[in-house]
Every structure is written in structure tokens, then in C-alpha cells.
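> Sequence and computational prediction follow.
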Amino acid sequence: MISARTGYGDGARGRFGGEASRGYLEVRWIVLAAVVLVLGATGAAARWTLVRLQRARECEQHLHQIYLALEWYQAQHGELPHLAMYPAEKYAPDSLIRCLKDMGFPEELALCPESARLIRERGVSYLWNPRLNGLRLGSVPRTWMLVEINALEPQTYPKPHFGAYQVLFTDGTVRRTKRPPWALAAEK
Ligand SMILES: [Zn+2]
């Protein structure tokens, strides 16, 4: 209508309007691309969170199964095994992974699914509470049995599960804690 009233032809509108239209289209494409990128990144972040949640759940299941294995060990030997907090070698006689392996359990059980490759190769993913060596479940006060190895040096290694460690206690429960269990015990 404006062009008809002002006398400027479609050519003029087409020339200026066309450039404006192309510019508008370009902006639209840029905005659309940005939206797709953000949505894609959000989707990837959501998927990554799901993977980490799944690993945390598997870690908890590992700890529950290790507890059952240790109960079975106690039923066979009359007491808990004598294990090192941090064994010198992966398959040392006093390593958790060796203890589980000797009982016929898969090695994977002794590894937190969230632990780094080097930790997995080293085979020591959970720290054992050596104060429990030779004691009997059911006759010891509630205390920690296993905790993620990252708790050994909290300043150096990040907490593996959303800012928390998973801890197995002598009553068979698995809890998440933001501080190493021995630090919690010292506060009591
Ligand atoms: Zn874990």
C-alpha cells in the first residue's frame, strides 16, 4: 500500500525490502541454529546426568553385593577377612578384589563404575576399614566398612557421585556422605 501511495515501485521495495528480508532470514537462521545448539547441549548434558545416575546406582548395588559376599565369607570362616585398607598390589592376598575373586565373585564388583581408568587398572576402588579385620558382623558397633578411594585425599580427588562418596556400613546400609566416614566418626 505504501508503495502504491508514494509511487515507489515494487522494484524499490523489492530492492530494499529484499535485502532486509534476506537479513531477517539470516538472523532467523542464526537464532534457530543457536536454539538447536543449546537444545543439543542440554540434551547431551541430560544424557550425561542419566549415565552418572546409573553409575551411582550400580556402585550402590556393588556395595550391597560385596556386603553379602562378606557375610558369606564370615559364614564360611567364622569372621571377616583380614584385608588391607590399600593393598600393595591388585591381587595381593589382603586385597578386596582377590578376596571376592577367590570366592567366585566377578572382579567388577570391587570397582566403582564411576572410578577413573587408572583406579580400575590398579584394582583398588573402595577402601577397607582394617579395624574390622577378624571381627564378626552382628557383634561390632555400626561403623564404616568400605568407602570410595577418592575419600583418601579429598583435596586432590573429586567426590565421584554428584559431590558425595558412597559408604558401606557394618549394618549393610549404603549411605552417601560429603565427608570421609572417618571424619564423621571423629566429629561424634
Ligand atoms: Zn561409586
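All right, it came through fine.
> How about the residues of the protein by the ion?
59, 112, 114, 160, 166 (Cβ under 5 Å from the ion). Glycine gets a C-beta too; all of them are placed from N, C-alpha and C.
> List the residues that contact the third one.
Contact partners of residue 114, counting by Cβ atoms under 8 Å, 6 or more residues apart in numbering, are 52, 55, 56, 59, 160, 161.
> Only alpha carbons, please: show whichever strand or helix holds residue 100 as PDB.
In the assignment (DSSP states H and E), residue 100 maps to helix 96-102. The C-alpha trace of helix 96-102 is given here as PDB (Å, rounded to 0.1, in the frame of the first residue of the first chain):
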ATOM      1  CA  LEU A  96      39.300 -57.000  48.400                       C
ATOM      2  CA  ILE A  97      39.400 -57.800  44.700                       C
ATOM      3  CA  ARG A  98      41.400 -61.000  45.500                       C
ATOM      4  CA  CYS A  99      39.100 -62.000  48.300                       C
ATOM      5  CA  LEU A 100      36.000 -61.600  46.100                       C
ATOM      6  CA  LYS A 101      37.700 -63.400  43.200                       C
ATOM      7  CA  ASP A 102      38.700 -66.300  45.400                       C
END
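> I'd like the next helix or strand past that helix.
helix 117-122.
> Now do that next one: distance to the chain's middle.
Centre-to-centre, helix 117-122 and its host chain are 15 Å apart (Cα atoms, centre = their mean, to the nearest Å).
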